[in-house]
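**Q** Here you go, sequence then predicted model.
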Amino acid sequence: DNLLNIYDILSRIEGGQTGHKIGSLRDEISQEKHRLEEFFSDVGVAPPAALVESYADEAEKVETILREMDELIMIARDRYPETQAELADLKQRFVQGLDREFAALVGVRLPQRGLSVFEIFKEWQARELAEYQVHFVRHQILKRDLLLQGTMRQRAGMLKRDLQNALSAYASSDYDLAERQLNAIVRDFASYYENLDSVHFFLGESYFARNLHDSAAAEFKQVVAANREAQYVGKSLFRLIQISQSRADLAAFDAYYDLFSVIGRRLEATLYLKGVFLAGYVYLRTDRFVDAARAFAAVPRQTDHYLAARFLLGMALLNLNHPDKAADIFRDLADANYLPWTDPQVAFFKNHARLKLGLMAYERGEYQQALRHLEKISTGFAARDQSLISAAWAHFNLHDYAAASAQTQTLLRDHLDSENIYEASVLSAQCRRQLGHDGAALEDLRYVVNAEKVFATSAQYNAERRKLVQQLNILAALERKAVQQQDRKAYAQVALNRQRLSEALEQFEYRGNTGNTVLAQFGRERETVLQQIEQLDELVVQANLAGRKTVRDQAVHQRQRLLKALDEYQSDVRIQNRHFFVDYPQAASEVISKYNAEIVAELQRELELEKNKLLAMQRALAALRATPGATPANTAPFGQIERLTTILHRLNRKNEQFASWISTRPGPTDESNFDTWANLAGLGSSDITFQKIQDRGDLIAHLALRLESVNKVIDRRKRFLEQKLFEYDELIRETEYDINLDKFNQEKRQREEYFKDSYFDVEEFERTQNESAAGPE
């Protein structure tokens with residue numbers, strides 16, 4: 001890790017230098033990087049014969065790096081003072097990362113510091129192991145002398161006592177202790193007793209119980225090779241069959257099962273039938289249907305595996321193209337009155353048999369018969385989603401689109417994580433289209449199309465999670481290194497970065513049905529708006545009490561704005577119920593399944609490499625143990641060798657256990673054939689959209705024709721009204737003329753009468769004048 005950090009710093013220095021004047025320094029840095037790359041390429045486990053040579057070669061490389069770093073510092077001091085301090089700090093960090101013994105070998109004096117907890121523990125462990133080994137060897141010598149000097153009866157008593165202790169530990173599930181005690185029995189008594197088959201068998205059982213399948217297989221093979229006691233040989237062969245089946249090693253499985261079949265008549269019936277059933281299961285999984293049918297047919301009615309064997313026999317016959325025989329078996333399972341009828345196993349196989357009968361009837365085109373079988377399946381059946389989609393297709397082929405839609409809606413409501421979810425959505429859309437519900441059909445199809453986003457998002461999610469986990473692993477190694485070197489500053493930085501990465505990793509966890517970050521922020525903003533509205537309500541009340549009309553008006557105005565904003569939040573319902581991992585669980589499940597399968601494949605490859613490295617290290621330690629100085633009398637090196645041997649033994653055990661656990665992991669879940677249904681959904685959505693566009697185009701054309709007719713009617717009415725208006729105008733003008741003429745004639749007559757009667761009449765005037773003239777007289 002320190003060398004990698006040095007390489008990174010050299011890369012940054014090299015990238016930060018520009019210009020022609022510093023070309024020599026850049027060349028020197030490039031050479032150092034090249035030497036480090038060569039050093040990294042040589043890292044590995046050396047064979048025992050070359051171990052010392054490899055150690056000396058590594059010391060020579062470190063010496064070369066230190067010397068050339070000194071030369072770089074001298075060059076930087078004279079020409080580039082700005083990089084001298086950084087190079088000096090780089091050298092100091094490199095030296096501090098060296099092991100003390102290795103530093104002494106290359107002649108580097110490390111600064112004095114107190115021992116770390118790790119170093120104290122390492123020395124204590126080596127000292128204790130060396131002391132334990134000394135006492136252990138002494139006790140081994142004493143026991144060997146007792147066995148040599150004892151009689152046959154005394155040795156038998158010692159063996160009996162040791163066996164009782166070991167079997168007592170085995171019976172109490174203390175398999176680690178039982179393993180140690182049984183190994184001691186083999187080591188101590190193998191030269192006195194030829195037949196230790198029971199010891200090897202229980203030793204293999206102890207390994208098997210702890211998932212140490214390699215070690216268990218070695219013990220069981222030894223029992224089988226001896227071929228003395230049928231009881232242990234049969235049980236050992238059954239275990240070897242199990243181990244080879246878990247590893248998918250078909251060649252080994254066939255070899256062990258052939259031996260198992262040969263001695264089958266000498267075995268207990270229960271054990272033999274377990275082996276037969278397991279063989280049938282493996283044959284069925286590997287498409288060896290004839291062998292599978294033969295194995296399942298051999299399972300009698302009185303066994304616990306009878307129902308499972310009968311059902312799997314039906315499956316084998318179905319694959320052998322014997323549907324009538326398979327249907328008879330499924331019909332017997334579906335209709336037989338097994339007791340107790342409430343037994344989950346009985347219900348399980350009854351429902352599976354009914355499902356198979358329904359599917360077979362569907363394939364023959366007997367849809368009514370298929371529905372009769374499918375409708376008998378229990379509601380709580382694990383594979384009820386498959387019965388629902390099958391019943392929906394049967395109703396669809398019978399043109400009962402309402403019933404088919406009801407079946408698909410039940411599946412979509414109750415089994416959102418089903419692998420048939422996309423098929424059900426497409427079928428539901430088709431049924432709804434037939435029923436004239438195009439809007440609902442389009443929603444079903446959009447669900448399938450939108451699921452593609454979930455696949456992409458989930459893949460990105462898993463990629464980011466993998467990066468974070470890798471970075472956490474790197475930081476964990478750096479943290480251990482910082483503790484060992486008592487580097488407080490580095491430890492604080494590493495711990496802080498680990499905390500940040502852990503918090504980032506927690507963000508990937510689900511936070512409820514709609515608990516993604518967007519919705520959480522959405523809810524917080526709504527709560528803030530509500531709080532502000534409540535505060536403004538209180539402000540309005542206080543302003544009214546104080547008679548502050550201006551403040552009250554401003555508060556009311558602001559409150560109306562907030563209410564409008566809240567309405568906008570409330571109206572945006574598109575954001576609800578769109579959390580990918582909740583609304584699309586099947587898509588997320590498929591991506592996670594692929595992600596897990598990739599991790600398992602990587603782990604298997606890495607475990608194989610680790611296994612080879614551990615074996616090489618064990619050989620190297622064995623070579624060191626054989627050197628003259630590695631004796632109990634020489635405590636320091638002997639203790640270190642014993643300590644490393646113990647650590648490698650534990651690592652090898654853990655590696656074997658983990659490999660066994662990995663081999664039993666389930667493979668990727670069945671895929672939902674998403675691409676096919678997504679294509680169909682896309683075509684269906686386009687078809688509905690195109691149909692809507694076409695319908696609207698037809699409607700527009702129809703309305704245009706009607707509009708043209710209306711325009712024609714309006715035009716005719718317009719011309720008619722214009723004609724009428726013209727006639728009315730003429731009539732009005734004639735009427736006005738007549739009125740004016742009558743008025744003129746009337747006025748004429750009035751003037752004539754006036755002139756005739758008044759204007760030219762002087763009689764009254766003359767008489768008045770005569771009377772006035774004669775008056776005074």
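**A** Yep, that arrived.
**Q** after the helix or strand bottoming out on mean pLDDT in the chain, next one along is what?
**A** Lowest mean confidence among the helices and strands of the chain (mean pLDDT, DSSP states H and E): helix 580-583, at a mean of 54. Per DSSP states H and E, the first helix or strand lying C-terminal to helix 580-583 is helix 585-625.
**Q** Give me the helices and strands touching that next one, please.
**A** Packing partners of helix 585-625 (3 or more Cβ pairs under 8 Å, 6 or more residues apart in numbering; DSSP states H and E): helix 51-79, helix 438-485, helix 580-583, helix 635-663. Every C-beta, even on glycine, is put in place using the N, C-alpha and C of the backbone.
**Q** ok, now with 10 Å
**A** Applying 3 or more Cβ pairs under 10 Å, 6 or more residues apart in numbering; DSSP states H and E, one finds that helix 585-625 contacts helix 51-79, helix 421-434, helix 438-485, helix 580-583, helix 635-663, helix 674-754.
**Q** okay, the angle between the third one and helix 421-434?
**A** Per axes from the mean of the first three to the mean of the last three Cα atoms, to 10 degrees, the angle that helix 438-485 makes with helix 421-434 is 160 degrees.
**Q** Just give me how far helix 438-485 sits from the chain centre.
**A** In terms of Cα atoms, centre = their mean, to the nearest Å, the centre of helix 438-485 is found 7 Å from the chain centre.
**Q** so how far is the helix or strand just after it off the chain centroid?
**A** The element immediately downstream of helix 438-485 (helix or strand, assigned by DSSP H and E) is helix 488-506. Computed by Cα atoms, centre = their mean, the separation of helix 488-506 from the middle of its chain amounts to 25 Å.
**Q** CA atoms only: put helix 488-506 into CSV for me.
**A** Below are the C-alpha coordinates for helix 488-506, written out as CSV (Å, rounded to 0.1, in the frame of the first residue of the first chain):
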residue,chain,number,x,y,z
ARG,A,488,-2.2,8.8,14.5
LYS,A,489,-2.6,11.4,11.7
ALA,A,490,-3.0,8.8,9.0
TYR,A,491,-5.4,6.8,11.2
ALA,A,492,-7.6,9.9,11.8
GLN,A,493,-7.8,10.6,8.0
VAL,A,494,-8.6,7.0,7.2
ALA,A,495,-11.3,6.7,9.9
LEU,A,496,-12.9,9.9,8.7
ASN,A,497,-12.9,8.7,5.1
ARG,A,498,-14.4,5.3,6.2
GLN,A,499,-17.2,7.1,8.0
ARG,A,500,-18.0,9.2,4.9
LEU,A,501,-18.0,6.2,2.7
SER,A,502,-20.2,4.2,5.1
GLU,A,503,-22.7,7.1,5.2
ALA,A,504,-22.7,7.2,1.4
LEU,A,505,-23.3,3.5,1.3
GLU,A,506,-26.2,3.9,3.6
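**Q** Show the average pLDDT along it.
**A** Helix 488-506 shows a mean pLDDT of 79.
**Q** What of stretch 697-717?
**A** Mean pLDDT, computed over stretch 697-717, is 82.
**Q** Next: stretch 613-629.
**A** On average, stretch 613-629 scores 74.
**Q** what do you get for stretch 547-556?
**A** Here the average pLDDT along stretch 547-556 is 85.
**Q** Now the element after the helix or strand encompassing Val290, going C-ward?
**A** Using DSSP H and E, Val290 sits in helix 289-297. Next along the chain after helix 289-297, taking DSSP H and E as the criterion, comes helix 306-319.
**Q** Could you check that following helix and say which residues are buried?
**A** 306-318 (16 or more other Cβ atoms under 10 Å).
**Q** CSV for those residues, including distance to Thr627?
**A** Listed next are the buried residues of helix 306-319 as CSV, based on distance: Cβ to Cβ, whole Å:
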residue, distance to Thr627
Tyr306, 63
Leu307, 64
Ala308, 59
Ala309, 60
Arg310, 65
Phe311, 63
Leu312, 59
Leu313, 63
Gly314, 66
Met315, 62
Ala316, 61
Leu317, 67
Leu318, 66
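**Q** between the residues you listed, which is nearest Asp414?
**A** Phe311 (25.0 Å; Cβ to Cβ).
**Q** list the contacts for the closest one?
**A** Taking Cβ atoms under 10 Å, 6 or more residues apart in numbering, we find Phe311 in contact with 296, 326, 329-330, 333, 348-350, 352-353, 356.
**Q** for Val469, same thing?
**A** The neighbourhood of Val469, defined by Cβ under 10 Å, 6+ apart, consists of 501, 505, 599.
**Q** Apart from its chain neighbours, what residue comes closest to Gly150?
**A** Excluding the flanking residues, the one nearest Gly150 by Cβ to Cβ, 6 or more residues apart in numbering is Met158, at 7.2 Å.
**Q** what number of residues lie near the one you found?
**A** 18 (other Cβ atoms under 10 Å).
**Q** does it sit in a helix, a strand or a coil?
**A** Recorded secondary structure, Met158: helix (DSSP: H, G, I helix; E, B strand; the rest coil).
**Q** about what we covered before: out of the helices and strands packed on helix 585-625, which is closest to Glu534?
**A** Nearest of the helices and strands packed on helix 585-625 to Glu534, taken as Cβ to Cβ: helix 580-583 at 31.9 Å.
**Q** And for stretch 694-714, what's in contact with it?
**A** For stretch 694-714, using Cβ under 10 Å, 6+ apart, the contacting residues are 438, 718.
**Q** Hmm, Phe296 and Leu278 touching each other?
**A** No: judged on Cβ atoms under 10 Å, Leu278 makes no contact with Phe296 at a distance of 11.1 Å.
**Q** ok, the two, which is more surrounded?
**A** Phe296 (28 against 19).
**Q** From Lys143, how far out is Val469?
**A** The gap separating Val469 from Lys143 is 49 Å, by Cβ to Cβ, to the nearest Å.
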